[in-house]
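Engineer: Following is a predicted model, sequence given first.
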Amino acid sequence: MRAIEEADRIVVGRLVLELWGAHTSVAHGQVFFPASLPGFLVEQQNQVIGLLTYTTYDSFMEIVTIDALRRGRGVGTSLVEAAVHRARQLGCSRVRLTTTNDNLDALRFYQRRGFRLTALRPDAVREARRLKPEIPSVGDYGIHITDELDLERWLTPR
């Protein structure tokens, strides 16, 4: 695990395009360019097996993208914990992320790592598709992608 460096921007951009279908990510009406954001990479044998990008606001960190290319090996958990550690270093009081209603595996994953549902934006993905037409209409488990859900993990200083 290591922080993303400037030399990694091309690799991050390629991964984001491959995994997210575009160079952008959209949440709560905002367009993000993950390849330009700070974050973390997990590498194994010179191959990236995990990626997390984030941005920070006044008192919180927002995870923009998180991908574990090899699931079930602790990569996602390591990325989340690295982000939480960095958020504490930056003086943030919480870490937030947004997912969609079809992403049941992610909802389970985040809640098991201390995140709680804090917001539901019904039909928000319709607006997101105006900003990023690549968002599919049907997602995991054949569920129509319609709503955005925010999850937050409140941090205690260590």
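Structural biologist: Yes, it's here.

Engineer: Which parts of this structure are helices?
Structural biologist: For the chain, applying DSSP state H gives helices covering 9-20, 75-89, 104-112, 124-131.

Engineer: Out of these, which is the most enclosed?
Structural biologist: Stretch with highest mean neighbour count among the helices of the chain: helix 75-89 (a mean of 18; mean count of other C-beta atoms under 10 Å). In this view, the C-beta of every residue, glycine as well, is placed from N, C-alpha and C.

Engineer: do you know how far the residue nearest the centre of the chain is from Leu79?
Structural biologist: In the chain, the centroid-proximal residue (C-alpha atoms, centre = their mean) is Thr65; its distance is 2.7 Å. Distance, Thr65 to Leu79, by C-beta to C-beta, to the nearest Å: 10 Å.

Engineer: and for the two, which residues touch both?
Structural biologist: Taking C-beta atoms under 8 Å, 6 or more residues apart in numbering as the criterion, Thr65 and Leu79 both touch Leu51, Leu52.

Engineer: contacting residues around the residue nearest to the centre of the chain?
Structural biologist: Val16, Leu19, Trp20, Ser25, Phe32, Pro34, Gly39, Leu51, Leu52, Thr53.
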